[in-house]
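Enquirer: Could you work out the structure for the sequence below:
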Amino acid sequence: MKSKLTYDLLIIGGGISACVFASKYLQNNINKNVALIEVGRGLGGRASTRISKRFKGWELNHGAPNLNICNSKNNLLLESYINELLDKNFIKIDDSESVSLDKYSYKEAENISEFSRGVNYISLFSMGRLSKKIIESNNLSGKIDFYFETLIIDLKFNNNKWYLKSKNGEEFTSKFLICSTNLLAHKRSLEILKTNHIPLRKAIPQNIDKKIDSLLNYLEKQLFVPRLTLLIYTNGNYSYKDFYTKKNRYFYLTKPQENKYKFERVIFQLIDKNKLGIVIHLKELDLINSYLKSKDEDLFKQKIFKSFNEIFKSNASIIPLTGNEKISVMKWRASQPSSCPVPLSLQLSEKCRIGFCGDWFEGDGFGRIEGSILSALILANKFKNLN
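Expert: From the prediction side, this is the model:
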């Protein structure tokens, strides 16, 4: 028989928003029984790290490579938290080189991408470890239970308690629920969870709670940019032509190049033992899906490597790929929201004992890590007076 587990508060999702909320919540509720449920193997969400089982010794940040913050100076709550992370030596200013790939020249990237605006901070650890450091900061190590590789497929709210069921059959009960992912409230859950109803709508029928109704109405209109990353594990002798030694090197494609090659950005990552990994970010899935369906991995690799070498053929610092490198594909379940941000006023329903946070809320950080962090900080403040 599967376990039946009871908590004061359950958090669904293990992205950076969930981790920030958990850390702040536990500071004020140290005696509460709290758990975090995540479908992946570790923390981080779209800011996580792939620890390869297939290729030993490789750890690549395959989502957001850094913290891109645009508006901390105008938001004291966010500014204070970024300073807190700096003081704890969790992050530092990212001084990595950013380059716009132009057909005729290579120039420094300034405001060419939503990911390069404002101030960028880089983790002093991997992005996955940063999320873990955040959730365990302020002497909170061991104060939260984790359930990884656990997919929640059903929600019920009855007699002021939440009842959750996982795909594996675990049953959870909690006084309060936090959704840092909107999967269980969005119509994409129908396909991903193979269900004929949106779980949150089933748990809270229409006209029971006006806030939930409004939140679901916004999410009905919210679209997502499907994202995919390619991880390239280079051979031992692969390096730059020059003597660049910083952690990352970012290359952003122009719109014409993006349309032609389907690459959005290419990030080189220096990791332990001087290995140089390459992460290619894409948001056009047609090219990839056609090759994945063909199940011809060699043909798929040849196409990617050919595009890579064409893009960098005039670059004085990048060595072409030989085609002997290893490659893996990461298709994102948590895609980037692209429209109809949800108002922050709908973050918390006291009536139904449920809160929400993530990059899908309104503000300058909509769709980015900044929004994930800020919405979590705001929600944690809203929870201070709830028992």
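Enquirer: Give the burial count for Leu379, as a bare number.
Expert: Residues lying near Leu379 (other C-beta atoms under 10 Å) number 24. C-beta: built from backbone N, CA, C; applies to glycine.
Enquirer: for Val119, same thing?
Expert: Other residues within reach of Val119 by the criterion other C-beta under 10 Å amount to 15.
Enquirer: can you pull the pLDDT of it?
Expert: pLDDT, Val119: 90.
Enquirer: Ok, Ile16 next?
Expert: Looking at Ile16, its pLDDT reads 96.
Enquirer: Could you measure from it over to Ile271?
Expert: 20 Å (C-beta to C-beta, to the nearest Å).
Enquirer: Neighbour count for those two, which is higher?
Expert: Neighbour count, other C-beta under 10 Å: between Ile16 and Ile271, Ile16 has more, with 29 against 15.
Enquirer: any idea how far Tyr252 is from the more buried one?
Expert: Separation of Ile16 from Tyr252 (C-beta to C-beta) stands at 22 Å.
Enquirer: Could you pull out the buried residues of stretch 81-88?
Expert: Tyr81, Ile82, Leu85 (16 or more other C-beta atoms under 10 Å).
Enquirer: partners of the residue lying closest to the last one once chain neighbours are set aside in the sheet?
Expert: With sequence-adjacent residues excluded and distances taken as C-beta to C-beta, 6 or more residues apart in numbering, Leu85 is closest to Ile91, at 4.7 Å. Judged by DSSP bridges, the bridge partners of Ile91 are Ser123.
Enquirer: so where do the strands sit in the stretch 201-350 of the chain?
Expert: In the stretch 201-350 of the chain, the strands defined using DSSP state E, counting those that start in this stretch lie at 224-225, 228-233, 248-253, 263-271, 275-282, 326-331, 336-337, 348-349.
Enquirer: so can I have a markdown table of those strands showing mean pLDDT?
Expert: Formatted as a markdown table, the strands of the stretch 201-350 of the chain follow (pLDDT from 0 to 100):
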| stretch | mean pLDDT |
| --- | --- |
| strand 224-225 | 82 |
| strand 228-233 | 92 |
| strand 248-253 | 92 |
| strand 263-271 | 92 |
| strand 275-282 | 93 |
| strand 326-331 | 86 |
| strand 336-337 | 86 |
| strand 348-349 | 97 |
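Enquirer: To Asn182, which of those lies closest?
Expert: strand 336-337 (8.1 Å; C-beta to C-beta).
Enquirer: okay, and for the stretch 201-350 of the chain, where does confidence drop off?
Expert: Applying pLDDT under 70 to the stretch 201-350 of the chain picks out residues 284-295, 333-334.
Enquirer: Could you pull up the contacting residues of Ile327?
Expert: Neighbouring residues of Ile327 by C-beta atoms under 8 Å, 6 or more residues apart in numbering: Leu230, Leu231, Ile232, Tyr233, Phe300, Lys301, Ile304.
Enquirer: please redo it, this time with the cut-off set to 7 Å
Expert: With contact taken as C-beta atoms under 7 Å, 6 or more residues apart in numbering, Ile327 is in contact with Leu230, Leu231, Ile232, Lys301, Ile304.
Enquirer: show me the contacts for the spatially closest residue to the third one that is not a sequence neighbour.
Expert: So the one you mean is Ile232. Leaving out its chain neighbours, the residue that sits closest to Ile232 by C-beta to C-beta, 6+ apart is Ile278, at 4.0 Å. By C-beta under 7 Å, 6+ apart, Ile278 lies in contact with Ile232, Thr234, Val266, Phe268.
Enquirer: Quick check: closest non-adjacent residue to the third one.
Expert: Of all residues beyond its chain neighbours, the one nearest Val266 is Phe251 (4.5 Å), with distances taken as C-beta to C-beta, 6+ apart.
Enquirer: I'd like the distance between the one you found and Ile311.
Expert: Taking C-beta to C-beta, one finds Phe251 at 8 Å from Ile311.
Enquirer: Need the residues touching each of the two.
Expert: Leu101.
Enquirer: and the helix or strand where Ile153 lies, what other elements does it pack with?
Expert: Using DSSP states H and E, Ile153 falls within strand 152-158. On a contact count with 3 or more C-beta pairs under 7 Å, 6 or more residues apart in numbering; DSSP states H and E, strand 152-158 meets strand 161-166, helix 199-203.
Enquirer: Also compute the angle for that strand relative to strand 161-166, please.
Expert: In terms of direction (axes from the mean of the first three to the mean of the last three C-alpha atoms, to 10 degrees), strand 152-158 departs from strand 161-166 by 160 degrees.
Enquirer: What are the buried residues along strand 152-158?
Expert: Ile152, Ile153, Asp154, Leu155, Phe157.
Enquirer: Which one (most neighbours) among the contacts of Ile327?
Expert: Going by other C-beta under 10 Å, Ile304 tops the contacts of Ile327 with 25 neighbours.
Enquirer: Quick check: the gap between the residue nearest to that residue when sequence neighbours are not counted and Leu60.
Expert: Nearest non-adjacent residue to Ile304, counting by C-beta to C-beta, 6+ apart: Leu230, 6.2 Å away. Remark: distance between Leu230 and Leu60 (C-beta to C-beta) = 10 Å.
Enquirer: Can you show me the strands along the stretch 1-150 of the chain?
Expert: Counting by DSSP E, counting those that start in this stretch, the stretch 1-150 of the chain has strands at residues 4-12, 34-37, 49-51, 59-61, 67-69, 91-93, 97-101, 106-108, 119-123, 144-147.
Enquirer: Throw these into TSV and include distance to Tyr163, thanks.
Expert: Output for these, formatted as TSV (distance: least, C-beta to C-beta, whole Å):
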stretch	distance to Tyr163
strand 4-12	10
strand 34-37	13
strand 49-51	33
strand 59-61	36
strand 67-69	35
strand 91-93	38
strand 97-101	47
strand 106-108	54
strand 119-123	36
strand 144-147	15
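Enquirer: No further questions, thank you.
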